[in-house]
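J.: could you look at this predicted model? Sequence included:
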Amino acid sequence: MVKTKSPKYCCQKQPNRLPRAFVLLDGRRHYLGEHGTPESLQAYHRALAEWNAAGQRSEVARCQITVMEVLAHFWKHCETYYRRLDGTQTSEVENFRQAIRPLKQLYGLTKAIDFGPKALKAVRERMIEVNWCRRNVNTQINRIKHVFKWAVAQELVPPSVHQGLVCVEALKSGRCEARESEPVRPVADPVIEAVKPFVSRQVWALIQMQRLTGARAGELVRLRAVDIDANGDIWSYSPLSHKNAHHGHRRTIFFGPQAQQVLRPFMAERAIHAFLFSPLEAQRERAAQTDVHRRPSQKPTRRKTDRAVGACYTVESYRRAIARACDEAFPHPDEKLRRRYCENGGLETRRSLWARLTEQQRAELRAWQSQNRWNPHQLRHTAATSIRKLFGIEAAQVMLGHSRLDTTELYAERNMSHAVEIATRAG
């Protein structure tokens, strides 16, 4: 970052009068009193400190700042603030990116001081138009309010801007046009097993670990042998970075015999500081398997990829691997549509093919994918439901690492067979 020179403490000489001190901020003179006095020097340092705290903008300049400029300032804060203990960015950065996208499209060049409740409602309507569900719209609108709250604290905008936005109430169920989201359901074991032939052994190991432990995907994708306490019959793992680490909560994940059996092959074949589940290793194994089945007359070829392969999976890359496996395990019945979109490889290629589909084809494909795809978060619900059925709701709370029991209720579905049995006996 380029350092800018601080505005100087200047002197204005005038005939038959004492010289006045001033500082030049944003092209305007701010007079400080008699030059050379302790009072004027104190006023200079105070004005300079306030100017720096406000992003090197004076009061007049802050009235002219646009929404785009506010977002630019906030984004610098966002990239440095939302980080885990190991320095990597949290998913909140991407969440804010999605929230501010419609805001930039509609009001990027608008003065921030003119952005009020009606403008925020217009941004909300845009979110509804692109088919975001009601809960997601409310969450993203709250993130936009947070951006302006932060801007008020930095004195980029006056407090009245944020106060006006706070008055916009959240959308209520059944009283708005936004669609309701489907509740997250556990995945049945046969559906999980169906994707096994279409994922790498690294992804399949992650699926098994989530199914057995109920851990979050983000807690497992960066797992290393050095992080595991293998002393005793039950292994344990306390990730430094997890969802509630910034609240000071400690998270411990326990690995039983079945989970240990999944981990042992990966722990034996790599250094203790290396990530256990590597997409780069999976890519090399897939390429080697392709060469084995290649005819002798064919030369080995390597398809150029449009993605950078890292040393460990991210939650997003892990989710995409499962989504692609679901497309292959449960293929779309329309062979033409399947060949045109579902069976093509790279992410950029799939995006370009998606743009060529008609609206009817997109709607048909979305409906099919929503019915036949599942994601890593559902495995956490699957594990929670199984644990609750065998050991009760409190055991599920401990395994999932929830601080509140009502949160576990959202994950672990009730065993309705007990209710059927009671109804049968009670009549």
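T.: Everything's here; your move.

J.: just give the nearest non-adjacent residue to the residue most central in space within the chain, would you?
T.: Nearest residue to the geometric centre of the chain (C-alpha atoms, centre = their mean): Ser91, 2.5 Å. In space, not counting the residues next to it along the chain, Ser91 is nearest to Val315; the distance is 7.0 Å by C-beta to C-beta, 6 or more residues apart in numbering. Using the backbone N, CA and C atoms, a C-beta is placed for each residue, glycine as well.

J.: so who does the one you found touch?
T.: Shown in contact with Val315 (C-beta atoms under 8 Å, 6 or more residues apart in numbering): 91, 217-218, 221, 376.

J.: quick check: ChimeraX command selecting the buried ones in these.
T.: Per 16 or more other C-beta atoms under 10 Å, the buried members of the contacts of Val315 correspond to this ChimeraX selection:
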select :217,218,221,376
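
J.: lowest pLDDT pick from the contacts of Val315?
T.: Across the contacts of Val315, the smallest pLDDT goes to Ser91, namely 85.

J.: where does that residue fall, phi/psi-wise?
T.: phi -70, psi -10 (degrees, to the nearest 10).

J.: contacting residues around the helix or strand encompassing Leu165?
T.: Using DSSP states H and E, Leu165 sits in helix 159-166. If you take C-beta under 8 Å, 6+ apart as the criterion, helix 159-166 is touched by 112-113, 115-117, 120, 144-145, 148-149, 151-152.

J.: strands - which of these land there?
T.: Of the contacts of helix 159-166, none are assigned to strands by DSSP state E.

J.: let's have those residues in CSV, adding distance to Glu269 and pLDDT.
T.: Listed next are these as CSV, based on distance: C-beta to C-beta, whole Å; pLDDT from 0 to 100:
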residue, distance to Glu269, pLDDT
Ala112, 55, 93
Ile113, 60, 92
Phe115, 55, 95
Gly116, 60, 94
Pro117, 58, 96
Leu120, 53, 96
Ile144, 47, 97
Lys145, 49, 97
Phe148, 51, 96
Lys149, 49, 96
Ala151, 51, 93
Val152, 54, 92
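
J.: let me know the closest of those residues to Ile393.
T.: Using C-beta to C-beta, Lys145 comes nearest to Ile393 of the contacts of helix 159-166, at 34.4 Å.

J.: got a list of what that closest one touches?
T.: With contact set as C-beta under 8 Å, 6+ apart, Lys145 has these partners: 120, 162, 165-166, 168.

J.: Gln14 in helix, strand or coil?
T.: coil (DSSP: H, G, I helix; E, B strand; the rest coil).

J.: surely it is in contact with Tyr31?
T.: No - in this structure, Gln14 is not within contact of Tyr31 by C-beta atoms under 8 Å, at 11.6 Å.

J.: list the residues that contact both of those two?
T.: Arg20.

J.: more neighbours, those two?
T.: Higher neighbour count among Gln14 and Tyr31: Tyr31, with 11 against 8, using other C-beta atoms under 10 Å.

J.: just the CA trace of stretch 203-212, in PDB.
T.: This file holds the C-alpha atoms of stretch 203-212, laid out as PDB (Å, rounded to 0.1, in the frame of the first residue of the first chain):
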ATOM      1  CA  VAL A 203     -13.900 -37.100  -1.700                       C
ATOM      2  CA  TRP A 204     -15.400 -40.400  -0.600                       C
ATOM      3  CA  ALA A 205     -13.300 -40.400   2.500                       C
ATOM      4  CA  LEU A 206     -14.600 -36.900   3.400                       C
ATOM      5  CA  ILE A 207     -18.200 -38.100   2.800                       C
ATOM      6  CA  GLN A 208     -17.600 -41.000   5.100                       C
ATOM      7  CA  MET A 209     -16.000 -38.800   7.800                       C
ATOM      8  CA  GLN A 210     -18.900 -36.400   7.800                       C
ATOM      9  CA  ARG A 211     -21.400 -39.300   7.900                       C
ATOM     10  CA  LEU A 212     -19.600 -40.900  10.900                       C
END
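
J.: can you list the residues that contact that stretch?
T.: Counting by C-beta under 8 Å, 6+ apart, 192, 195-196, 199, 215, 217, 220-221, 255-256, 258-259, 262-263, 266, 276-277, 282, 313, 318, 321-322, 325, 376, 379-380, 382-383 sit against stretch 203-212.

J.: chain center to that stretch: distance?
T.: 21 Å (C-alpha atoms, centre = their mean, to the nearest Å).

J.: what's the model's confidence in it, averaged?
T.: Rounded mean pLDDT across stretch 203-212 is 93.

J.: go on, stretch 397-416?
T.: Rounded mean pLDDT across stretch 397-416 is 63.

J.: for stretch 41-52, same thing?
T.: 84.

J.: pull out the buried positions in that stretch.
T.: 43-44, 47-48, 51.

J.: ok, stretch 82-91 next?
T.: Buried-residue list, stretch 82-91, by 16+ other C-beta under 10 Å: 82-84, 90.

J.: show me the residues around Ala271 that make contact.
T.: Per C-beta under 8 Å, 6+ apart, neighbours of Ala271: Ala225.

J.: mind doing that once more with 6 Å?
T.: Residues counted as contacts of Ala271 (C-beta atoms under 6 Å, 6 or more residues apart in numbering): none.

J.: and the gap between it and Ala225?
T.: Noted for Ala271: a distance of 8 Å to Ala225, by C-beta to C-beta, to the nearest Å.

J.: also His332?
T.: Distance from His332 to Ala225, by C-beta to C-beta: 40 Å.

J.: put the alpha carbons of the top helix by length along the chain into PDB.
T.: In the chain, taking DSSP state H as the definition, the longest helix is helix 134-153. Output in PDB follows, covering the C-alpha atoms of helix 134-153 (Å, rounded to 0.1, in the frame of the first residue of the first chain):
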ATOM      1  CA  ARG A 134     -37.000 -15.300   1.800                       C
ATOM      2  CA  ARG A 135     -34.500 -16.200   4.500                       C
ATOM      3  CA  ASN A 136     -31.500 -15.600   2.200                       C
ATOM      4  CA  VAL A 137     -33.000 -12.200   1.200                       C
ATOM      5  CA  ASN A 138     -33.400 -11.200   4.800                       C
ATOM      6  CA  THR A 139     -29.800 -12.300   5.700                       C
ATOM      7  CA  GLN A 140     -28.300 -10.500   2.700                       C
ATOM      8  CA  ILE A 141     -30.200  -7.300   3.500                       C
ATOM      9  CA  ASN A 142     -28.900  -7.400   7.000                       C
ATOM     10  CA  ARG A 143     -25.400  -7.600   5.600                       C
ATOM     11  CA  ILE A 144     -26.000  -4.500   3.600                       C
ATOM     12  CA  LYS A 145     -27.200  -2.700   6.700                       C
ATOM     13  CA  HIS A 146     -24.000  -3.900   8.400                       C
ATOM     14  CA  VAL A 147     -22.000  -2.300   5.600                       C
ATOM     15  CA  PHE A 148     -23.600   1.100   6.300                       C
ATOM     16  CA  LYS A 149     -23.300   0.600  10.000                       C
ATOM     17  CA  TRP A 150     -19.600   0.100   9.600                       C
ATOM     18  CA  ALA A 151     -19.400   3.200   7.300                       C
ATOM     19  CA  VAL A 152     -21.100   5.300  10.000                       C
ATOM     20  CA  ALA A 153     -18.400   4.100  12.500                       C
END
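
J.: appreciated, that's everything.
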